[in-house]
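Engineer: Compute the structure for the input listed below.
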Amino acid sequence: MKVLSVNVGLPQEITVQGKPVWTGIFKQPVAHRVAVSRLNLDGDRQADLQVHGGPDKAVYAYPSEHYGFWRDQLPDLQLPYGMFGENLTVAGLREDQVHIGDRFAVGSAELQVTQPRLPCYKLGIRFGRADMVKRFLNSRRTGFYFRVTREGEIGAGDPVARTFRDPGGVSVAEITRLYAFDRDDRELLARILASEALPQDWHDYFLNQGAAIGA
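Structural biologist: As a prediction, this is how the structure comes out:
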């Protein structure tokens, strides 16, 4: 497991259908080591802090293995690392292999998995495709967010070592499945609600989902 690319970018204003939109989704790979703080990487910011950023979404990681799938799906597009707005393009960390609460040493920092990434309309802007949000979610290739449990520095080529595996064992892929595809899985719902590392807003969402299905 390793970091293949570290990608950062500051919010910028673009014009969409004649209207100004601020977005931080445009990330570029950097060659130098980058400081990681509780809220983001040095040189990186989020535009809309109501839905992006914060301690539970400080660092976004995307598996490099998914790029081959997307190149097959979108052969006319150039897909450099950072295309999905990820801070870390990683190898060997798939959504079905990492669990909410797992911790990883990356460079001199330590990061804890918190949740999958849910796409917003700005992903469609980045790709120039109105259908990209739906395609992204349906692919289940969401990537995942980290909170920063130890600040430090990260660079491309750094190994990624799991330092703690959450005993609850709820994978990022399972969170996405329950959220979008299999809402009536009561056993999975109970496991997810028992996760102490799950962010509060996700816990509240699934608690309401359980009430809706009578779980």
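Engineer: tell me the strands in the chain, going along the chain?
Structural biologist: 2-8, 12-16, 19-23, 28-30, 34-36, 59-63, 88-91, 103-106, 109-116, 144-150, 152-154, 160-164 (DSSP state E).
Engineer: my guess is residue 195 meets residue 170, correct?
Structural biologist: Yes: using CB atoms under 8 Å, residue 195 is in contact with residue 170, at 5.3 Å. Every C-beta, even on glycine, is put in place using the N, C-alpha and C of the backbone.
Engineer: Can you work out which residues contact both of those two?
Structural biologist: Shared contacts of residue 195 and residue 170, defined by CB atoms under 8 Å, 6 or more residues apart in numbering, comprise 100, 101.
Engineer: May I see the buried residues of stretch 185-196?
Structural biologist: 185, 188, 189, 192, 193, 195 (16 or more other CB atoms under 10 Å).
Engineer: returning to that earlier point: got JSON lines for the strands of the chain, with distance to residue 76, mean pLDDT and mean neighbour count too?
Structural biologist: Listed next are these as JSON lines, based on distance: least, CB to CB, whole Å; pLDDT from 0 to 100; neighbours: other CB atoms under 10 Å:
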{"stretch": "strand 2-8", "distance to residue 76": "22", "mean pLDDT": "97", "mean neighbour count": "22"}
{"stretch": "strand 12-16", "distance to residue 76": "20", "mean pLDDT": "79", "mean neighbour count": "11"}
{"stretch": "strand 19-23", "distance to residue 76": "22", "mean pLDDT": "81", "mean neighbour count": "13"}
{"stretch": "strand 28-30", "distance to residue 76": "21", "mean pLDDT": "96", "mean neighbour count": "15"}
{"stretch": "strand 34-36", "distance to residue 76": "31", "mean pLDDT": "97", "mean neighbour count": "22"}
{"stretch": "strand 59-63", "distance to residue 76": "21", "mean pLDDT": "97", "mean neighbour count": "24"}
{"stretch": "strand 88-91", "distance to residue 76": "21", "mean pLDDT": "98", "mean neighbour count": "23"}
{"stretch": "strand 103-106", "distance to residue 76": "33", "mean pLDDT": "98", "mean neighbour count": "22"}
{"stretch": "strand 109-116", "distance to residue 76": "27", "mean pLDDT": "97", "mean neighbour count": "23"}
{"stretch": "strand 144-150", "distance to residue 76": "28", "mean pLDDT": "97", "mean neighbour count": "22"}
{"stretch": "strand 152-154", "distance to residue 76": "32", "mean pLDDT": "97", "mean neighbour count": "19"}
{"stretch": "strand 160-164", "distance to residue 76": "32", "mean pLDDT": "97", "mean neighbour count": "15"}
